[in-house]
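Enquirer: Need coordinates for the below:
(one chain, ligands or ions: 1)
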Amino acid sequence: MEKKKTYYITTPIYYPSGNWHIGHTYTTVICDTFARYHKMLNEDVFFLTGTDEHGQKIEEKAKAAGVTPKQFIDPLVDGLKDIWKLLDVQYDRFIRTTDDDHVAAVQKIFKALYEKGDIYKSEYEGWYCTPCEAFWTKTQLKDGRCPDCGREVKLEKEESYFFRLSNYADRILKLYEDNPEFLQPKSRMNEMVNNFLKPGLQDLCVSRTSVKWGIPVDFDLSHTVYVWIDALSNYITALGYASENDGNFKKYWPADLHMTGKEIIRFHAIIWPAILMALDLPLPKQVYGHGWLLIGGDKLSKSKTDKVSTELTDPHELVSRYGCDCVRYFLLREIPFGSDGVYTNESLLKRINGDLANDLGNLVSRTTAMINQYFGGVLPSPAGREGTDGELIAVAEGVYKRVSDAMNALNAPDALVEIFKLVQRANKYIDETTPWILAKQQDEASRARLGTVMYNLAECIRISAIMLKPFLPVCPNKILSFFGIDGSAVTDFESVKSFGGLKGGITVEKATPLFPRIDVKKELEEIEKTVLARRAAEKKAEEKKAPVSKENDQKPQEITIDDFAKVQLKTGVVLEAEKVEKADKLLKLKVRTGTEERTIVSGIAKHYTPEEMVGKTVIVVANLKPAKLRGILSEGMLLCAEDAEGKFSLVTTLSDVADGAEVR
Ligand code: ME8
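Expert: I've put the predicted structure just below:
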């Protein structure tokens, strides 16, 4: 059948961190659902996802692991693809920013922007956050730290190419004005306008000389393309833009929807449109910034979460425990769309038990069991309508429109609510019609009525299952198979617009259970045990590894007595001590080393209070080059000892020695 129109949907490309958690799966599961939905609308869908593989962070991690960046990334990318397989995510292309066609196209894009004057060479000084791969101006920092992740930033200066983003603020404001739907939800547009566009945009640093792991600027090889031009361009390079093979670009661009997490909206709703404007390309039709899955009030992130909670967050484990449909259902139903939502194992289990096992599972198992018991597994044809039939049928016939409205508003949770209203209405219909009483009556009218009730229930199940197809890849087909239907005309959206698609006389199988019914208390106890046991095992493994690596570390560090003599160690006495504001690890000390007094900033605040420190004899590295810590010039360092279990002690002398004494 000829396709009605094209639909191009994208996820952000993922950093290959390897610490995959259930939060990561959110964007992609939503996109897969919308892609499936539009396929069912008979549209020609292209669904893109992939990985964002360049940058300093990967370069550093690969170096630490003693492998090339590509060797470091490959298994992580395979791990991500495995997760998409488990969740039955059906993308049309998985782009890697290391793919040859992407690299070549990004070089062409960079050059084209340079030749048009939208990229120019200058020098950059800024505060760089390595984990976020973002430069910040001083005013953007929060308490001197990265405003996105709160981590430390480094002041960096280097020759760079810049994109003239400052030229585009007005055009982007106009874009928002003319297309109020461009950026959703609405609150995100206000944030972009007030925080970034109205104050004025600054030109964007788009190349680095210090990072080698990136796409080389082919007309100036000392530079690599800085991550955002590389990363954002994936949305067009994946379609063959700037290549001979650009059929997909011509067919699918502009994108119908860029779905992203809210933290990267600025890049998608300001920088990306500006790049496209500079390239004279059409703009995406819509950008949607979804909220986060939270644990304990924070964005779910594996490194943080593992320390503070016993929630199971690994997608592999969750899918192997509960199945792909349950995990997808939870993500799509539980998180209010556009807002943050709290993730707990308990809420996941409650959704599985409540909506899936009780409401849907029960409806299907009761209905198919009754058709088998009362009609030998042959679906009766309906007789006339009576009682609440009309009400039930109205809900069933309206569900397509209500789900479409919700999906057009990109509201997957509401769409599921609508489908489950039908499921719940059908369960209520069983209670209202009491088929078990009808079955006991011997007269023909009761038998006909029982047949109608069974038919109506079966038809409601068919409609619910079809409507659930974009959301859940497994159970709708399983349900339809109990009615002996697969891939036929009664499994498409057209067929649910009116009631009565099922034909009387078809064979109905008694359903096998669709979803596990879980003992929540027991399951939560087991999860907690599993997580705690794993954490203990990981800690043990770390401890085992530690001495080996220490031995290895020590080998190249062998030094001669002359080397040691370069270090001037002196005894000192602490005269004053105070906490450093907004730095919970640091103490600022005034230390006398004989005739000199010096300020030393030391990372001991977690172990010693300022009061404890005053009067202590300490060992000072006296000829250490002074360095600024939190804006305070620290002139030296104190010696401390820390063992594998984290026990910590300041190094001091056994008996009284005057301060300023040489330590050898
Ligand atoms: O940002 N809840 O990649 P990424 C919901 N490479 N969504 C979450 C989440 C959570 N707790 N944690 C992560 C990048 N995500 C860039 C994108 S696009 C040109 C470059 C989502 O691996 C996050 O919001 O950090 C984003 O949509 C996706 O995971 C990938 O994030």
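
Enquirer: burial of residue 598, as a residue count?
Expert: 17 (other C-beta atoms under 10 Å). For glycine as for every other residue, the C-beta is placed from the backbone atoms N, C-alpha and C.

Enquirer: do residue 444 as well
Expert: 8.

Enquirer: Please name every helix or strand in contact with the helix or strand where residue 538 lies.
Expert: Per DSSP states H and E: residue 538 is located in helix 520-554. Contact analysis of helix 520-554 by 3 or more C-beta pairs under 8 Å, 6 or more residues apart in numbering; DSSP states H and E lists helix 345-351 as its packing neighbours.

Enquirer: Contacts only, for residue 350.
Expert: The neighbourhood of residue 350, defined by C-beta atoms under 8 Å, 6 or more residues apart in numbering, consists of residue 520.

Enquirer: now it: how far from residue 271?
Expert: Taking C-beta to C-beta, to the nearest Å as the measure, residue 350 falls 40 Å from residue 271.

Enquirer: for stretch 600-619, which positions count as buried?
Expert: 600, 601, 602, 604, 605, 607, 608, 613, 616, 617, 618, 619 (16 or more other C-beta atoms under 10 Å).

Enquirer: same thing with stretch 28-45?
Expert: 28-41, 43, 45.

Enquirer: what's the answer for stretch 120-131, then?
Expert: Residues 124, 126, 127, 128, 129, 130 are the ones in stretch 120-131 that count as buried (16+ other C-beta under 10 Å).

Enquirer: Where does pLDDT dip in the chain?
Expert: The model of the chain has pLDDT under 70 over residues 1, 133, 304-308, 487, 546-557, 644-646.

Enquirer: If we use 50, what do you get?
Expert: Within the chain, the stretches with pLDDT under 50 are 548-555.

Enquirer: Could you chop it up by domain?
Expert: Domain assignment for the chain by automatic domain parsing gives 344-496, 567-663.

Enquirer: quick one: which of the ones you listed is nearest residue 512?
Expert: Nearest to residue 512, of all these, is domain 344-496, at 8.2 Å by C-beta to C-beta.

Enquirer: Please report phi then psi for the residue in the chain that the ligand sits nearest to.
Expert: The minimum distance from the chain to the ligand, using C-beta to the nearest ligand atom, falls at residue 261 (1.6 Å). Backbone torsions for residue 261, taken as degrees, to the nearest 10, come to phi -70, psi 160.

Enquirer: that older thread, from the buried residues of stretch 28-45, which land in helices?
Expert: Taking DSSP state H as the definition of helices, these contribute 28-40.

Enquirer: Now do the contacts for the most centrally placed residue in the chain.
Expert: With distances taken as C-alpha atoms, centre = their mean, residue 24 lies nearest the centre of the chain, 2.8 Å away. When contacts are counted by C-beta under 8 Å, 6+ apart, residue 24 touches 14, 83, 315.

Enquirer: Check which helix or strand it maps to.
Expert: Short version, using DSSP H and E: residue 24 is in helix 22-40.

Enquirer: What number of residues are in the vicinity of residue 401?
Expert: What residue 401 shows, counting by other C-beta under 10 Å, is a neighbour count of 11.

Enquirer: and if you look at residue 352?
Expert: Residues contacting residue 352 under the criterion other C-beta under 10 Å number 25.

Enquirer: for the closest residue to it other than its chain neighbours, what are its contacts?
Expert: Closest residue to residue 352 apart from its sequence neighbours, by C-beta to C-beta, 6 or more residues apart in numbering: residue 326 at 4.8 Å. Residue 326 sits next to 348, 351, 352, 356, 515 when contact means C-beta under 8 Å, 6+ apart.

Enquirer: And for the first one, the neighbour number?
Expert: The one in question is residue 348. The burial count for residue 348: 25, using other C-beta under 10 Å.

Enquirer: ok, the closest residue in space to it that isn't next to it in sequence to residue 114 distance?
Expert: Nearest in space to residue 348, with sequence neighbours left out and distances taken as C-beta to C-beta, 6+ apart, is residue 330 at 4.8 Å. Between residue 330 and residue 114 the distance is 47 Å, computed by C-beta to C-beta.
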